[in-house]
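Undergrad: I'll drop the sequence and a predicted model, then ask my questions.
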Amino acid sequence: MLAKFTGWVLLGLIRLLTGAQARWWGCPPKAEQRIYFANHQSHLDLVMIWAALPEELRSITRPIAARDYWATTPFKRWITTEVFNAIYVERSGSAPVPAPAPAPAAPRERIEPVFEEAMPVVAPEPVDAMQGELLLASPPADAPPAPEPGSAEALLPLQPLIEALQSGDSIIIFPEGTRGNTGEPQKFKSGLYTLAQMFPEAVLVPAWIDNVQRVMPKGEVVPVPILCSVTFGEPVRLEESEERRPFLDRAREAVIALRYV
């Protein structure tokens, strides 16, 4: 009951601050399993797109939330889990591990000079230039191998999203992986492509969130009242045998095109 009341209060506050206008330009709101993917420029993106959905869709749609920001206080954790029903994801590099303290240097051993007959200096054999380049370009022997696409290790960061989709929920993701500070989205990461492959029946709906970066720019904590909107575009689909990068670029262009609608 408290979560529902808080949700209504937040919804009213968000609409007061931003207007939270939803523009269904390419598809109508519909209670079907969807993967909404949008540009990402502010922590308020999650809240904005949640508030733009009709009530019947909010109850079945789960936005992703960066754990290193939204789980830092008990209040944020309660809001994201009880009100937004968000899915926590880990952002790469968000929790740096401190470097271990350097080991103390061993005492230097005194070396007494020894006078012996000098040995003749032998010139090193010449190394072929191409061979030298290959040696320099070779990775270190102890470098960890990259995870195979589709392997359990590669799918581990997506596991919370996979479980949500398997349970029948819709999700909201930001394929850039981090907030940008330019007008256009950064290159999309491969998660959207993997989810589209694994859940071909889910409808992929692009969305453009406008002006939210001015409400709460990166690094700011106090929101500023500015009219904002979310434009939902025509669904895209993963074509048969379509490769990863062409699909991700096409999906990104679908999001950017909504900026001018």
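TA: Perfect, I can see it now.
Undergrad: would you list the phi and psi of the closest residue to Leu158 other than its chain neighbours?
TA: Using Cβ to Cβ, 6 or more residues apart in numbering and skipping residues adjacent in sequence, the residue nearest Leu158 is Gly191, 5.6 Å away. Where C-beta positions appear, they are placed from N, C-alpha and C, glycine not excepted. The phi and psi values for Gly191, taken as degrees, to the nearest 10, are phi -60, psi -40.
Undergrad: which stretches of the stretch 151-261 of the chain form strands?
TA: Taking DSSP state E, counting those that start in this stretch to define them, one finds strands in the stretch 151-261 of the chain at 170-173, 203-210, 229-232.
Undergrad: strand partners of the first one, parallel vs antiparallel please.
TA: Counting by DSSP bridges, the strands paired with strand 170-173 are strand 34-38 (parallel), strand 61-66 (parallel).
Undergrad: the residue nearest to Leu158 against Pro157, yeah?
TA: Yes. Between Gly191 and Pro157 there is a contact under Cβ atoms under 8 Å: 7.4 Å.
Undergrad: who has more neighbours, those two?
TA: In terms of neighbours (other Cβ atoms under 10 Å), Gly191 is the more surrounded of Gly191 and Pro157; the figures are 20 against 16.
Undergrad: who are the neighbours in contact with the more buried one?
TA: Contacts for Gly191 (Cβ atoms under 8 Å, 6 or more residues apart in numbering) come out as 157-158, 161, 173, 175, 177.
Undergrad: one more: Thr61?
TA: 34, 36, 50, 53, 169-172.
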